[in-house]
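> with the sequence up front, the predicted model follows.
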Amino acid sequence: MEQWAQYNEPTVKHHKHLPPEPYKDTAKSQTVAATAAWTVECLPNELLGAICDLLPNSDIKNLRLASPLLGQKCQLKISRVFISPNPVNIKVAMTIATYECYRLGVEEIIWDDATLVPSGGDGLLFHEYSEESEAEVPKEFAVEDQESFTWFARGCKSSMKAAKDLVVTPAAHGFLFEPLNRTPMIKSFPYGFIYPVPRGWPTPLPRNQWELAMPWVGDDAVEENKDLYHGFRIVTKVLAEEERNVTELMFDAHQLNTGVNHLALNRGSEEYNNFCDIQKRPGFQKLHLSLVVGFYLAEEYEICDEGHSWTIDIHKYTSLFDVFPIDRWQQLTHFGLSNVLVAQTDLIAFLLKLPQTVQTVELSFLNFMEGDGHYISLMEDIRDKLDWKHRPFERRIKTFAKIFCYLLYYGRYICIDNEVEECVYSNGPQPIQLRQRGNSSDVDPGTGVLKDLFNPAWERPNDYSTERRLVFPRQH
């Protein structure tokens, strides 16, 4: 037996169809890895830190596993934390809050205000044929859950003392396979996982363009409707009670047809009082507020969908001067309107009152009152009636403008910032055309740049290229 093994050893060792000996190959790999880790460990801490600044967290994680010393030297870059009722997001947020080296680096807290659709579905067929009835959650349990999550949010905010920016959004999930924020929960989904994308805040019913604002106070108010704004209510409550300040507060629907119920900010409501307390704090710099401003009675609106044109007839237009206390904003640096109904005469009068400190103005996705303006005449009035182009070059107000494109792909838009700047300040050509019924606007092919609200890296020329047409439609 011993002689046979000795005789066949050379044949086995050099046979071209056999793999190399596994133990020798593993030992060689470990030696190479150990040598590489030792080489990296010898780098100065400053150089190693500069290298880690250029690496994504996924690569830093692998580097930390190479050796215990690299695990101490190479720190993950955690500048934002995601909070939501999901257990995965809660676990990650609590872990970050536990370690001082990580929690002190958190600068932004993002509240995902969209909870997953309950298992079993909510369709009519499910309820009709399901043999199991869904048990109603007792009211005292719901109140207890609300208080518990408020306590958790307060604890996260107090431990992450460097966090100055707070975002509440129902759009974190974006669209299927295209999330706006890759939260820990979304990262935990299996590859290719298909699920009903939640929105959180109320969204329009099918075939409707607008969501109606339901009563917030009084006998007509329903607590279940208010609970849909779970994150908004808790965040305003916690921030109003906390002594620490935030510099930026954003309730951002990301151009989805939804927003915070404007009736929640009526005088006398708890949310209004909390909201005012937050803005009174010193150091507050930026507010982004997406609102649903429709009346809760459908008769108050007469909305006609004309393809790309929406004609809106409201009995009483609310002036911008009644909404924004522009006379009290003497240090304002940016003012923006997006997806708002405006009257051109009122808007121009409002822009005339902007303080000299304003550096940027955004006028995107505007809808105009019938018979009172459109984008073409608005650009002409900005050029001719305002003094912006007569200011010194370094003090000129930079103007941003975006319009939704004519693709059946929700979230894509045409950015015409450069064209608007040229039109206003250099008497350039009018970038916008009025081709459709009503006062809706359009642009010629070749004008502006196609971009995506949910994918900042996506950018295409605005033309009729084949690449541009190869897209899948998105559902609102």
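Structure's in. What do you need?
> run a quick neighbour tally on the residue nearest to G259 when sequence neighbours are not counted.
Excluding the flanking residues, the one nearest G259 by CB to CB, 6 or more residues apart in numbering is S290, at 3.8 Å. C-beta here means a position set from N, CA and C on the backbone, and glycine is covered the same way. Residues contacting S290 under the criterion other CB atoms under 10 Å number 21.
> got it, and V217?
16.
> name the SS class of K389, please.
What DSSP: H, G, I helix; E, B strand; the rest coil gives for K389 is helix.
> got the contact list for it?
383, 396, 424-425 (CB atoms under 8 Å, 6 or more residues apart in numbering).
> how much space separates it from E107?
37 Å (CB to CB, to the nearest Å).
> and what of N225?
33 Å.
> try T203
Taken as CB to CB, the span from T203 to E107 is 30 Å.
> pLDDT value on the residue nearest to G259, please?
On pLDDT, S290 comes in at 89.
> thought A171 was touching A114, still the case?
Yes. A114 is within contact range of A171, at 7.5 Å (criterion: CB atoms under 8 Å).
> overlap of the contact sets of these two?
Common neighbours of A114 and A171 (CB under 8 Å, 6+ apart) are R199.
> near V293, how many other residues are there?
V293 has 18 nearby residues by other CB under 10 Å.
> now do the contacts for it.
Contacts of V293 (CB under 8 Å, 6+ apart): 213, 259, 262.
> if you rank these by neighbours, which is first?
G259 (24 neighbours).
> what's the pLDDT at that one?
pLDDT, read off for G259, is 89.
> who's in contact with the strand or helix carrying G336?
Following DSSP states H and E, one finds G336 within strand 334-338. Here strand 334-338 makes contact (CB under 8 Å, 6+ apart) with 255, 286, 347, 354, 358-366, 400, 402.
> go on, stretch 84-91?
Against stretch 84-91 from outside (CB under 8 Å, 6+ apart): 82-83, 111-116, 149, 152, 172, 183-185, 188, 230-231.
> apply 7 Å and report the result again.
82-83, 111-112, 115, 149, 152, 183-185, 188 (CB atoms under 7 Å, 6 or more residues apart in numbering).
> can you check stretch 176-196 too?
82, 86, 88-89, 92, 110, 112, 117, 171-174, 197, 254, 454-455.
> I'd like to know which of the residues you listed are buried.
82, 86, 88-89, 92, 110, 112, 171-174, 197, 454 (16 or more other CB atoms under 10 Å).
> quick check: the farthest pair among the residues you listed?
V92 and F454 (22.3 Å; CB to CB).
> where does pLDDT dip in this protein?
Applying pLDDT under 70 to the chain flags residues 1-38, 118-162, 205-210, 294-316, 405-409, 435-440, 464-476.
> what are the structural domain limits within it?
21-73, 78-117+138-300, 317-476 (automatic domain parsing).
> D381 contacts L347, doesn't it?
No. At 8.6 Å, D381 does not count as touching L347 under the criterion of CB atoms under 7 Å.
> those two: who's more crowded?
A direct count of neighbours by other CB under 10 Å for D381 and L347 places L347 higher, at 23 against 16.
> now the more buried one: closest residue in space, sequence neighbours ignored.
Going by CB to CB, 6+ apart, L347 has L320 as its nearest residue, at 6.6 Å.
> what is the burial count for that neighbour?
L320, neighbours per other CB under 10 Å, totals 19.
> one more: L116?
Using other CB under 10 Å: L116 sits among 14 other residues.
> and it, how far from Y195?
Distance from L116 to Y195, by CB to CB: 7 Å.
> now do stretch 104-115: distance to the chain's middle.
11 Å (CA atoms, centre = their mean, to the nearest Å).
> for S364, phi and psi?
phi -120, psi 140 (degrees, to the nearest 10).
> related to what we said a few turns ago, ok, and the most crowded of the contacts of K389?
V424 (21 neighbours).
> quick check: the gap between F400 and E421.
9 Å.
> and if you look at R460?
21 Å.
> and those two? which has more neighbours close in?
E421 (18 against 14).
> what's the closest non-adjacent residue to the more buried one?
Nearest one to E421, counting by CB to CB, 6+ apart, is T399 at 6.2 Å.
> partners of the one you found in the sheet?
Beta bridges link T399 to V361, judged by DSSP bridges.
> again with the one 5 residues further on
On DSSP bridges, the residues paired with F404 through beta bridges are Y413.
> what about it, how many residues nearby?
20.
> about what we covered before: wouldn't the residue nearest to L347 be in contact with Q344 here?
No. Checked against CB under 7 Å, the pair L320 and Q344 is beyond contact range at 11.3 Å.
> would you map the helices across the stretch 151-300 of the chain?
With DSSP state H, counting those that start in this stretch, the ranges of helices along the stretch 151-300 of the chain come out as 184-188, 223-227, 230-241, 270-280.
> need those helices in JSON lines with distance to R64 and mean neighbour count, can you?
What follows is those, written out as JSON lines (distance: least, CB to CB, whole Å; neighbours: other CB atoms under 10 Å):
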{"stretch": "helix 184-188", "distance to R64": "18", "mean neighbour count": "16"}
{"stretch": "helix 223-227", "distance to R64": "41", "mean neighbour count": "13"}
{"stretch": "helix 230-241", "distance to R64": "33", "mean neighbour count": "21"}
{"stretch": "helix 270-280", "distance to R64": "38", "mean neighbour count": "15"}
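> between these, which gets nearest to G446?
helix 184-188 (36.8 Å).
> part of a strand, is C52?
No. Looking at C52 with three-state DSSP, it is helix, so not inside a strand.
> strands of the stretch 351-476 of the chain, start to end?
Using DSSP state E, counting those that start in this stretch, the strands of the stretch 351-476 of the chain run over 360-364, 367-368, 398-400, 402-404, 412-415, 449-452, 459-461.
> nearest to N45, out of the ones you listed?
Here strand 459-461 is closest among these (CB to CB), at 37.8 Å.
> okay, now the sheet partners of the closest one, with direction.
Counting by DSSP bridges, strand 459-461 is paired with strand 449-452 (antiparallel).
> quick one: contacts of the host helix or strand of V81?
Under the criterion DSSP H and E, the helix or strand holding V81 is strand 80-83. With contact meaning CB under 7 Å, 6+ apart, strand 80-83 is reached by 89, 93, 96, 106-112, 153, 156, 160, 181, 183-184.
> mind giving me the PyMOL select for these, buried ones only?
Restricted to buried positions by 16+ other CB under 10 Å, the PyMOL selection for these reads:
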select buried, resi 89+93+96+106+108+109+110+111+112+153+156+160+181+183+184
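> what is the nearest of the contacts of strand 80-83 to V449?
Distances from V449 to those, taken by CB to CB, are shortest for N181, at 23.7 Å.
> fine, thanks again, bye for now.
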